[in-house]
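the following block contains a protein sequence and its predicted model.
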Amino acid sequence: MKTVVAIIVYNRHENIKRWLDCWKQCDQTDAELVVIQSVDADQPLEVAEMCINEGIKYFARQNEGMDIGAFKEVCQGKIKGFPKFDNLLWITDDTIPMSKDFVSLFTVNLNGLNCYEIASKNAPLHVRTTGFCITKDVAERLQFWDIKTKMDCYDFEHRSKYTLMLQVNAMGYRCNQICPIERSPLWDTGNRAYLNRWDEHESVFGNKDKGKVTVICPVFNTFPQIASAFQAQTYENWEIHFIHDGKGKLNLPKDDRFFFHQTKERKGLWGHPIRAEYLQKLKDNGKYVLITNADNYYTPLFLEKAVNLLHKNPQAVASFCSQMIHNYINYRVMNCTIQRGYVDCGQVLLRSKEAAQVGWNSMDHSADWFFFADIQKKYGSRAFIKFDGCHFIHN
């Protein structure tokens with residue numbers, strides 16, 4: 001199944017340069033990138049030159065009807081030389097990739113149309129046309145009127161009785177938003193600038209660090225054997241906050257990534273009050289958070305695998321290893337799943353902001369399970385993804 005990724009541009013030349021740079025790093029399996037530009041008579045050929053230099057197909061069209069006018073021409077086969085496709089991923093140029101496998105995320109389980117956003121703010125329920133993937137069969141059956149103005153584009157998107165969404169539904173297909181826009185593999189920087197995902201984008205495509213892991217670790221009068229396990233991690237951008245439950249001292253190895261705190265008085269309850277408090281206190285310290293205990297142990301690859309999996313799956317909130325060794329069952333290996341008794345908070349890496357929004361709300365012995373249940377309630381069961389291997393030991 002071939003997918004054509006079509007970027008429509010007018011004069012945002014820098015955005016196309018960004019797209020061409022990102023595309024080199026993306027999974028291009030069964031996918032081809034093309035650029036369509038709406039041009040005026042005196043418009044420079046900068047975009048055309050960039051595409052030619054990178055070996056990307058470039059198509060110029062008269063600047064009429066904006067993005068939907070161009071979409072109409074593609075669906076009706078009016079752009080000469082446009083490549084044949086099974087799926088068409090249509091993207092406006094101010095919408096940028098947030099994941100290297102964004103194509104596969106838009107084409108998986110495609111049954112009609114998958115999109116970046118289904119919205120209803122100040123308009124009837126509709127598919128926003130900044131980023132959507134449509135099958136060839138559906139594209140060829142769409143009906144268009146004479147599209148020349150921006151108002152005509154709005155009519156096709158959300159203001160008429162024949163919007164894109166209504167037409168797809170009338171054919172017996174469904175329109176599916178692939179995930180919440182906050183974690184989408186595409187980001188509309190023009191309409192959703194408030195999401196401010198630039199750091200995330202740069203971490204994926206700019207060869208920069210993938211983000212800091214903040215570790216919350218209650219401790220009480222014991223040597224934190226977790227310290228050496230973290231100093232051996234292959235992923236090095238982390239910091240551990242050891243929070244002593246009441247007044248006390250802690251002998252820590254020298255490391256600038258170790259931080260020591262103590263509460264005014266001992267709170268008990270298995271350290272849950274500390275977890276609840278510091279999850280909020282440290283929510284802006286890093287991109288990810290790990291809530292654990294001082295006597296736990298990790299293999300050197302734990303953080304690397306957990307972080308990489310979340311980076312590859314921006315729709316997910318948490319990643320965890322598929323197996324763990326647990327002292328409750330005499331240190332045997334346990335297969336893990338997100339259900340009570342089969343997962344421990346120490347093996348689950350979470351996105352900090354999402355975790356803090358949910359909060360650590362229980363003081364029960366099994367509070368970590370109630371925490372995960374709250375996350376599932378807010379973000380859905382698909383919020384949790386697992387990576388293979390036994391990388392965690394609970395003591």
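Received it, and whenever you're ready, just let me know what you need.

tell me which residues touch the closest residue to Lys212 other than its chain neighbours, please.
In space, and not counting its chain neighbours, Lys212 is closest to Gly286: 3.5 Å by CB to CB, 6 or more residues apart in numbering. To be clear about C-beta, it is placed using only N, CA and C from the backbone, and glycine gets the same treatment. Residues near Gly286 by CB atoms under 8 Å, 6 or more residues apart in numbering: 211-214, 238-239, 352.

ok, now with 10 Å
211-215, 237-239, 351-352 (CB atoms under 10 Å, 6 or more residues apart in numbering).

before we move on, what about Tyr288?
Tyr288 is in contact with 210-215, 237-238, 303, 306-307, 310-311, 318-319, 349-353, 355, counting by CB under 10 Å, 6+ apart.

and the residue nearest to Lys212, that one's in a strand?
No - Gly286 is assigned coil when assessed by DSSP: H, G, I helix; E, B strand; the rest coil, not a strand.

report pLDDT for it.
For Gly286, the pLDDT comes out at 89.

from Gly206, how far off is it?
According to CB to CB, to the nearest Å, Gly286 and Gly206 sit 18 Å apart.

cool, Asn15 as well?
Distance of Asn15 to Gly206, given as CB to CB: 16 Å.

likewise Ile96?
12 Å.

what's the overlap in contacts for the two?
Residues touching both Ile96 and Gly206 (CB under 10 Å, 6+ apart): 22, 198.

who has more neighbours, the two?
Ile96 (21 against 13; other CB atoms under 10 Å).

how distant is the helix or strand where the more buried one lies from the center of its chain?
Per DSSP states H and E: Ile96 is located in strand 95-97. The chain centre lies 12 Å from the centre of strand 95-97; the measure is CA atoms, centre = their mean, to the nearest Å.

count of residues packed around Met171?
A total of 14 residues lie near Met171 under the criterion other CB under 10 Å.

please list all residues in contact with it.
Counted by CB under 10 Å, 6+ apart, Met171 has contacts 112-113, 137-138, 141-142.

any of those buried? List them.
For the contacts of Met171, a burial check counting by 16 or more other CB atoms under 10 Å picks out 112-113, 138, 142.

now Ile91. Its backbone dihedrals?
Main-chain torsions, Ile91, degrees, to the nearest 10: phi -140, psi 130.

that one and Phe132 touch, don't they?
Yes - shown here, Ile91 and Phe132 form a contact pair, counting by CB atoms under 10 Å, at 8.3 Å.

which neighbours do these two have in common?
Residues touching both Ile91 and Phe132 (CB under 10 Å, 6+ apart): 106, 116, 186.

helices or strands next to the helix or strand where the first one lies in the packing?
Taking DSSP H and E as the criterion, the element that holds Phe106 is helix 102-107. Judged by 3 or more CB pairs under 10 Å, 6 or more residues apart in numbering; DSSP states H and E, the packing partners of helix 102-107 are strand 3-9, strand 31-39, strand 87-92, strand 112-115, strand 131-135, strand 186-188.

mind checking how far Lys72 is from Trp270?
62 Å.

list the buried residues for stretch 288-308?
Across stretch 288-308, burial judged by 16+ other CB under 10 Å covers 288-299, 301-307.

pull the longest helix that the chain contains out as CSV, backbone CA atoms only.
Ranked by number of residues, the top helix in the chain under DSSP state H is helix 367-379. Extracted C-alpha coordinates of helix 367-379, given in CSV (Å, rounded to 0.1, in the frame of the first residue of the first chain):
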residue,chain,number,x,y,z
ALA,A,367,-1.7,3.4,45.6
ASP,A,368,0.4,2.9,42.5
TRP,A,369,-2.3,0.8,41.0
PHE,A,370,-5.0,3.4,41.7
PHE,A,371,-2.6,6.0,40.2
PHE,A,372,-2.4,4.0,37.0
ALA,A,373,-6.1,3.4,37.0
ASP,A,374,-6.6,7.2,37.1
ILE,A,375,-4.3,7.6,34.2
GLN,A,376,-6.2,5.0,32.2
LYS,A,377,-9.4,6.8,33.0
LYS,A,378,-8.1,10.1,31.8
TYR,A,379,-6.0,9.0,28.8
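
in its sheet, what does the very next helix or strand once past that helix sit against?
Past helix 367-379, further along toward the C-terminus, the next helix or strand under DSSP H and E is strand 384-394. Neighbouring strands of strand 384-394 in its sheet, by DSSP bridges, are strand 297-298 (antiparallel), strand 318-326 (parallel).

residue nearest the centroid of this protein?
Nearest residue to the geometric centre of the chain (CA atoms, centre = their mean): Pro314, 1.5 Å.

for Cys175, see how far away that one is.
Computed as CB to CB, the Pro314 to Cys175 distance reads 21 Å.

for Gln62, same thing?
30 Å.

of those two, which one has the most company?
Cys175 (22 against 12).

what about the helix or strand containing that one, average pLDDT?
Following DSSP H and E, one finds Cys175 within strand 174-177. Average pLDDT, strand 174-177: 92.

state the three-state secondary structure for the nearest residue to Cys75 once chain neighbours are set aside.
Once flanking residues are discounted, Cys75 sits nearest to Ala139: 4.6 Å by CB to CB, 6+ apart. Under three-state DSSP, the three-state class of Ala139 is helix.
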